[in-house]
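Asks: sequence and predicted structure below; questions after.
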Amino acid sequence: DKAAHRWLIQEIFNADKELKGAKNPIKRRLLVLIVLIKYLEDREVFPKDLFDKHCHGAKCFFDVLKSDDPQKVIALLTELENRFNGDIFKVPNAEENQITKEILIEFAYLIEGRTLNNQRYLWKQFSFKHLPVEIISHIYQKFVKSGKGVVYTPPILADLLLDMTMPYTELIGNERIIDPACGSGIFLVGAFKRLINIWRGKNKWAKPDVDILKKILNECIFGIELDENAIHLTAFSLSLAICDALQPEIIWDNLKFDQLVDSNLIKADFFQELLDSRNGANTILNDKFDIVIGNPPFKSKLSQPAIELVVTSKKDKAGYIPSPDKQIAYLFLKESISILRSNGKSCLLQNAGFLYNSKPFEFRSNILKNHKVEVILDFISITALFEVAKAKVVALLIRNEAVPENHVIKHWTFRRTKSIKERICFELDHYDRHFVTQRQAETDPLIWRICLFGGGRLLGLSRRLRKMRTLEEFIVDKGWDYGEGFVIGNRKKMASHITGKPVLPTRCFTEK
């Protein structure tokens with residue numbers, strides 16, 4: 001938490017709060033752009049006379065801001081936008097008197113630290129040249145509103161899933177990769193960087209030029225996202241990843257960003273794209289993918305296209321098992337496999353209920369029976385994995401191929417929290433590596449819980465206990481009445497077998 005980049009992020013949030021950025025989108029957009037321009041400036045991307053050209057005597061972007069002249073700032077941003085394209089430097093409605101002299105004065109004071117915690121020269125304390133470019137995307141992500149069920153993936157978790165799904169030893173460099181609910185694009189940026197490294201490894205670690213980077217991006221990286229703000233954030237993040245891979249002088253002289261939205265990045269419902277593709281329409285899902293990776297939303301409500309997809313599948317496929325509890329994340333998992341090439345891999349986060357709840361058992365068994373599940377990464381024991389949400393998650397690494405005889409699924413249960421809390425790494429103890437046979441996975445609904453509790457002899461003990469009568473069966477044999485009671489609160493569930501009957505108070509129950 002005391003690292004420079006964490007402190008910088010917090011200071012920017014403080015600045016946004018002081019600017020009332022939630023109610024002033026122009027101010028918030030300018031704040032993000034200031035960080036981006038500072039990053040490029042510190043990397044010495046801009047020619048020395050750029051700022052002086054727009055404001056006499058200006059040596060940096062902050063000097064242009066301090067001129068208090070909206071036209072000079074707009075002209076500078078317009079030049080940057082025209083040079084780089086891709087809407088990276090665009091400020092919506094900038095010409096419609098949205099950027100005012102008052103706003104620039106406020107920014108100038110804030111940036112020099114005159115109003116922020118009485119700290120002068122706040123920005124001069126940071127060398128953006130040595131800060132990871134992902135910081136800018138992280139700041140932007142914080143300002144994007146998320147819908148219900150949407151949780152952005154922490155980088156430490158995204159890195160682990162990418163390590164598992166895209167190990168360098170298996171990559172060729174031209175893999176087609178898609179995130180069907182790409183959010184801020186954290187998985188796509190990580191995948192893009194890995195493909196860049198593969199190219200460099202094959203080319204004596206040379207730096208790729210602009211055309212090579214664009215070719216890798218355009219041919220290999222794809223995303224679908226329903227939220228418009230999030231899809232633009234993904235495009236922004238991928239554009240920054242290109243900057244990170246280039247020498248400063250090349251960025252200024254040769255770089256023009258492509259319009260990724262509506263080409264590689266589609267604002268749409270994933271299930272609508274699937275329906276359209278299966279009905280013969282031209283979509284990005286027409287060609288199969290080598291890798292599907294991501295963090296779909298966890299909510300027990302199917303979108304209308306998802307409902308239509310389920311109805312169509314029930315008609316076309318005998319024995320089709322719909323997503324239990326209408327959990328949309330389960331449907332993402334099921335359908336992600338359908339867009340994979342033979343031997344392709346899917347790695348999606350799922351609510352931990354996928355493994356541990358009783359309702360998904362038939363659905364889960366069907367997935368395990370028909371697809372080769374290589375590893376299940378289980379994070380149910382880790383608290384505060386996500387910064388805001390209390391989601392408990394697992395991740396399934398599935399390969400699109402027939403399940404071999406004697407197949408064994410690896411079930412890794414992560415428990416250590418110190419290094420995770422510090423966002424350093426995940427630790428896995430030897431006794432938390434479990435190996436589940438294919439038959440156990442398909443038929444035993446408690447096998448994952450047994451592994452979580454320690455595995456080993458617990459499996460035999462569990463099976464022995466399950467042969468005994470349950471408490472319910474014992475009561476039925478006795479001829480006693482039983483049923484569900486109620487908790488007194490805002491809502492009552494009346495139970496005729498106990499309502500109005502004499503009650504034995506809790507205090508009557510003692511050790512004797």
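Replies: Alright, I've got the coordinates. Residues are numbered from 1 along each chain as shown.
Asks: who are the contact partners of the residue most central in space within the chain?
Replies: In the chain, the centroid-proximal residue (Cα atoms, centre = their mean) is Thr153; its distance is 3.6 Å. By Cβ atoms under 8 Å, 6 or more residues apart in numbering, Thr153 lies in contact with 183, 186-187, 295, 349, 386. C-betas here are computed from N, CA, C, even on glycine.
Asks: again with Ile321
Replies: With Cβ under 8 Å, 6+ apart, Ile321 has these contacts: 362-363, 366.
Asks: and the lowest mean pLDDT element among the helices and strands of the protein?
Replies: Least confident helix or strand of the chain, by mean pLDDT, DSSP states H and E, is helix 134-143 with a mean of 72.
Asks: helices and strands around that one, which ones?
Replies: Helix 134-143 makes packing contacts with helix 4-19, helix 25-42, helix 186-202, helix 228-244 when contacts are defined by 3 or more Cβ pairs under 8 Å, 6 or more residues apart in numbering; DSSP states H and E.
Asks: can I get the ones you listed in a markdown table including mean pLDDT and mean neighbour count?
Replies: Output for the helices and strands packed on helix 134-143, formatted as a markdown table (pLDDT from 0 to 100; neighbours: other Cβ atoms under 10 Å):
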| stretch | mean pLDDT | mean neighbour count |
| --- | --- | --- |
| helix 4-19 | 77 | 16 |
| helix 25-42 | 82 | 20 |
| helix 186-202 | 96 | 21 |
| helix 228-244 | 87 | 22 |
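Asks: same list (those helices) but as TSV, adding distance to Phe426.
Replies: Listed next are these as TSV, based on distance: least, Cβ to Cβ, whole Å:
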stretch	distance to Phe426
helix 4-19	19
helix 25-42	29
helix 186-202	16
helix 228-244	23
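Asks: before we move on, back to that, out of the contacts of Ile321, the closest to Lys53 would be?
Replies: Phe363 (62.2 Å; Cβ to Cβ).
Asks: show me what the helix or strand harbouring the closest one is packed against.
Replies: Using DSSP states H and E, Phe363 falls within helix 361-370. Packing partners of helix 361-370 (3+ Cβ pairs under 8 Å, 6+ apart): helix 328-338, helix 438-443.
Asks: quick check: what element follows it along the chain?
Replies: Where DSSP H and E defines the elements, the next helix or strand beyond helix 361-370 is strand 372-378.
Asks: packing partners for that following strand?
Replies: helix 155-165, strand 393-399, strand 408-413, helix 447-452.
Asks: now the second one against helix 361-370, angle please.
Replies: The directions of strand 393-399 and helix 361-370 differ by 30 degrees, with axes from the mean of the first three to the mean of the last three Cα atoms, to 10 degrees as the criterion.
Asks: what residue ranges in this protein score low on pLDDT?
Replies: For the chain, the stretches flagged by pLDDT under 70 are 1, 92-97, 109-126, 133, 144-150, 388-389, 484-494.
Asks: could you redo the last one with a cut-off of 50?
Replies: The model of the chain has pLDDT under 50 over residues 115-116, 118-121.
Asks: could you point out the longest strand of it?
Replies: For the chain, the strand with the greatest residue count under DSSP state E is strand 340-351.
Asks: please state the offset of that one from the chain centre?
Replies: Mean-position distance between strand 340-351 and its chain equals 15 Å (Cα atoms, centre = their mean, to the nearest Å).
Asks: just give the nearest non-adjacent residue to Arg449, would you?
Replies: The shortest distance from Arg449 to any non-neighbouring residue, by Cβ to Cβ, 6 or more residues apart in numbering, is to Tyr356 (6.1 Å).
Asks: check Leu76 too.
Replies: His54 (4.5 Å).
Asks: what is the neighbour count of the one you found?
Replies: 22 (other Cβ atoms under 10 Å).
Asks: that one and Leu77 touch, don't they?
Replies: No: contact criterion Cβ atoms under 8 Å: His54 and Leu77 do not qualify, at 9.6 Å.
Asks: related to what we said a few turns ago, checking the residue nearest to the centre of the chain next. Helix, strand or coil?
Replies: coil (DSSP: H, G, I helix; E, B strand; the rest coil).
Asks: strands of the stretch 51-200 of the chain, start to end?
Replies: 177-179 (DSSP state E, counting those that start in this stretch).
Asks: circling back to that earlier point, out of the contacts of Thr153, which comes closest to Ala329?
Replies: For those, the nearest to Ala329 is Leu349 (7.7 Å; Cβ to Cβ).
Asks: bridged to that closest one, which residues?
Replies: Ala395 (DSSP bridges).
Asks: dump the residue contacts of it.
Replies: Counting by Cβ under 8 Å, 6+ apart, Leu349 has contacts 153, 157, 161, 294-296, 329, 393-395.
Asks: that one and His5, how far apart?
Replies: Leu349 sits 25 Å away from His5 when distances are taken as Cβ to Cβ, to the nearest Å.
Asks: try Thr169
Replies: In this view, Thr169 and His5 are 30 Å apart by Cβ to Cβ.
Asks: next one: Tyr140
Replies: Tyr140 is 14 Å from His5, where distance means Cβ to Cβ.
Asks: and Arg194, by the same measure?
Replies: 22 Å.
Asks: buried residues in stretch 283-292?
Replies: Using 16 or more other Cβ atoms under 10 Å as the test for burial, stretch 283-292 gives 283-285, 289-292.
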